[in-house]
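Student: Let's see this in three dimensions:
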Amino acid sequence: MEKSIFWIFEATIKPGSIDLLKALIFEMADRTEESEAGTLRF
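Tutor: Okay, here's the model as predicted:
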């Protein structure tokens, strides 16, 4: 049985904070890959 889990993230980014958000997204993706084998996309 195949299970798909997804979520949609919506936020307002404060001026000058886009680089912080990008860093957070990359960190979240890295940790997901480490702990959730088989993740297809993040």
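Student: Show me the strands in this structure, by range?
Tutor: Under the criterion DSSP state E, the chain carries no strands.
Student: low-scoring stretches of it, by residue?
Tutor: 1-2, 40-42 (pLDDT under 70).
Student: The same query, at a cut-off of 80, please.
Tutor: 1-7, 9, 32-42 (pLDDT under 80).
Student: show me where it has helices.
Tutor: Applying DSSP state H to the chain gives helices spanning 18-35.
Student: Surely E33 is in contact with F26?
Tutor: No. Taking CB atoms under 8 Å as the definition, E33 is not a contact partner of F26, at 10.7 Å. Where you see a C-beta, it was placed from the backbone N, CA and C, and this is true even at glycine.
Student: count of neighbours near I18?
Tutor: For I18, the neighbour count with other CB atoms under 10 Å is 10.
Student: do you know how far it is from T12?
Tutor: 12 Å (CB to CB, to the nearest Å).
Student: can you check F6 too?
Tutor: In terms of CB to CB, F6 sits 21 Å off from T12.
Student: just I5 next, same as before
Tutor: Distance from I5 to T12, by CB to CB: 25 Å.
Student: Same question for L20.
Tutor: L20 is 13 Å from T12, where distance means CB to CB.
Student: who has more neighbours, the two?
Tutor: L20 (11 against 5).
Student: Enumerate every residue touching that one.
Tutor: With CB atoms under 8 Å, 6 or more residues apart in numbering as the criterion, no residue contacts L20.
Student: I13 is in contact with L21, isn't it?
Tutor: Yes. Counting by CB under 8 Å, I13 does reach L21; the two are 5.8 Å apart.
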